[in-house]
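Asks: Give me a model of this one.
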Amino acid sequence: MISDIFTVKSAHVTFLLWGTIFCFIASAIIALSKGIKKGRKIILICIEHSAGSLLFMDAIAWAFRGHIGTLGHYAVTISNFLVFLFSYVVGLWYSAYVISYVFPEKLTPKNFFVPAGKVKLPAMFYVAIWSSLAGIVLTVITQFTGFLYYIDGINLYHRNTMYPTGLFVGMIPVAADFLILLKYRKKIQKRVFTSLLSYVILPFAGMIALLFTYGISCVNIGIGISSMYIFYVTVREQDIELYEDAKIITSMQEGIIMDFANMVECRDQNTGDHIKRTSLYVKTIVDEMMKKKIYRDELTPTLAHNMVKAAPLHDIGKIKISDSILNKPGKLTEEEFEIMKTHTTEGMKILSETLLSTSGSGYLKESIDMAWCHHEWWNGKGYPRGLKGEEIPLSARVMAVADVFDALLSKRSYKEAYSFDKAVSILKNESGSHFDPLVVAAFLNAADFLRDALEFILPGDR
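Replies: Numbers count the residues shown, from 1 in each chain. Model prediction:
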């Protein structure tokens, strides 16, 4: 018999049951979420639990409506009592939820029902809270007096003459919350404001409708829909907030990493604006390779982006080299040169450790390859590992061309700066021995652009 009752095909009951399931699932998701502030999280769980219980009790009330017998009597009596009770309870929690956005961290158990301490909450908040409590009291009184409604002998629910009083009491907290929202709307994000406003509009419209209609749970359905919308917006805003937080953290991490690179450049008196120029060269070469479809299977847009972003970090290992060697006014001895060569492995170690502790910076992998391998030669005679040909990561092969080209154009204590044409000629001659021929080809195609860039974009750098 009970199974027959619960298989009622009424769209009304079906909607209420589906709403119940949604609210309880939403409550569980919120409970497991780590991105919502604790106080707001508890209130939202209470809203979803109360709304789910309200919809479930309403479904029970409708399913057992007119069912004669002891089971029907208790089911209809208890479920209708809980429907009224939870409709006021949801309103109470909703008022608290609004305040959690208007005055974050200021709502506490001590000032929930009465003003307490130095923190002053809006007077309308207490109007809403005590109106909801009044509705709860009226619901309890109705169980003994039939003040708002009564159940007849065949277990049918009927409104009593004082039923509009219950609706009026329910309208007070909704109106109070509406006034709070209007007054403090600038403190609330637009999407959140819309979701909070939905709880004011839908249940209030349902209350008005109930004054003229009978047989549809207008208020309860409105509460159910608005609680679903509030849940959706809360989860969406949480994701956006977490995304924004992640972007901020990533930006800070990247800023710290770039500061290291700039620190190295400041220590190395020989390099000038080496970072700026090599970044330009890498971008120019990569753009030309993409245009000519060189290494098209390997050089994806993501890799190209990461290579350009990683370029400033290729010499970060020099932070471990002493100033006496880094800024020696003359050619390095063989022993000093061996120490200088360690900047490649030191750079790899620094960036590898950074990669382990940094999230969201995909370019760091390329920066590791560039720092570690930009002194490898195409013919295998480079350092530190003696890699050969395509064993050398593509990003490092590009950086090798950019790094040497800038070194050729730059003045050192042991040499004068070469002319642009002379530097280009040297790169061309070392294609296939020192450098990847295809990377050099891309560089040569863009040589005229680089000549103009160095003349007009970076004047005085050479």
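
Asks: how far away is the residue of the chain most remote from its centre from residue 66?
Replies: Within the chain, the residue lying farthest from the chain centre (C-alpha atoms, centre = their mean) is residue 153, at 56.7 Å. Residue 153 is 11 Å from residue 66, where distance means C-beta to C-beta, to the nearest Å. All C-beta atoms are positioned from the backbone trio N, CA, C, and that covers glycine.

Asks: A strand includes the residue farthest from the centre of the chain, no?
Replies: No. According to DSSP: H, G, I helix; E, B strand; the rest coil, residue 153 belongs to no strand; its state is coil.

Asks: pLDDT value on it, please?
Replies: We have a pLDDT of 84 for residue 153.

Asks: One more: residue 224?
Replies: pLDDT recorded at residue 224 is 82.

Asks: just the one 5 residues further on next, same as before
Replies: If you check residue 229, the pLDDT there is 84.

Asks: Could you look up the SS state of it?
Replies: helix.

Asks: What are the boundaries of the helices in the stretch 101-250 of the chain?
Replies: Here the stretch 101-250 of the chain has its helices, by DSSP state H, counting those that start in this stretch, at 123-145, 163-183, 190-210, 218-267.

Asks: ditto for the stretch 351-462 of the chain
Replies: With DSSP H, counting those that start in this stretch as the criterion, the stretch 351-462 of the chain has helices at 363-373, 394-409, 420-429, 437-445, 447-452.

Asks: residue contacts, residue 311?
Replies: Contact analysis of residue 311 by C-beta atoms under 8 Å, 6 or more residues apart in numbering lists 275, 278-279, 282-283, 370, 399, 402.

Asks: Out of those, who's the most crowded?
Replies: residue 370 (33 neighbours; other C-beta atoms under 10 Å).

Asks: Quick check: pLDDT value at that residue.
Replies: 92.

Asks: From what I see, it and residue 396 are in contact.
Replies: Yes. The pair residue 370 / residue 396 is scored as a contact, 5.3 Å apart, by C-beta atoms under 8 Å.

Asks: Quickly list what's touching both of the two.
Replies: The contact sets of residue 370 and residue 396 do not overlap (C-beta under 8 Å, 6+ apart).

Asks: Test for you: state the pLDDT assigned to the nearest residue to residue 132 once chain neighbours are set aside.
Replies: Leaving aside its chain neighbours, residue 132 sits nearest to residue 92 (3.9 Å; criterion: C-beta to C-beta, 6 or more residues apart in numbering). pLDDT, residue 92: 91.

Asks: so where does residue 92 fall, helix or strand?
Replies: Per DSSP states H and E: residue 92 is located in helix 70-102.

Asks: count of neighbours near residue 114?
Replies: Residue 114: 9 neighbours (other C-beta under 10 Å).

Asks: ok, now how distant is the residue lying closest to it once chain neighbours are set aside from residue 94?
Replies: Spatial nearest neighbour of residue 114, chain neighbours left out: residue 126 (7.2 Å); criterion: C-beta to C-beta, 6+ apart. Remark: distance between residue 126 and residue 94 (C-beta to C-beta) = 14 Å.

Asks: which stretch among the helices of the stretch 351-462 of the chain comes nearest residue 60?
Replies: Shortest distance between residue 60 and the helices of the stretch 351-462 of the chain, using C-beta to C-beta, is found for helix 363-373: 57.6 Å.

Asks: before we move on, back to that, if you count surrounding residues, which of residue 126 and residue 94 has more?
Replies: residue 94 (29 against 17).

Asks: picking that back up, which other helices and strands contact the helix holding residue 92?
Replies: Applying 3 or more C-beta pairs under 8 Å, 6 or more residues apart in numbering; DSSP states H and E, we find helix 70-102 packed against helix 38-63, helix 123-145, strand 149-151, helix 163-183, helix 190-210, helix 218-267.
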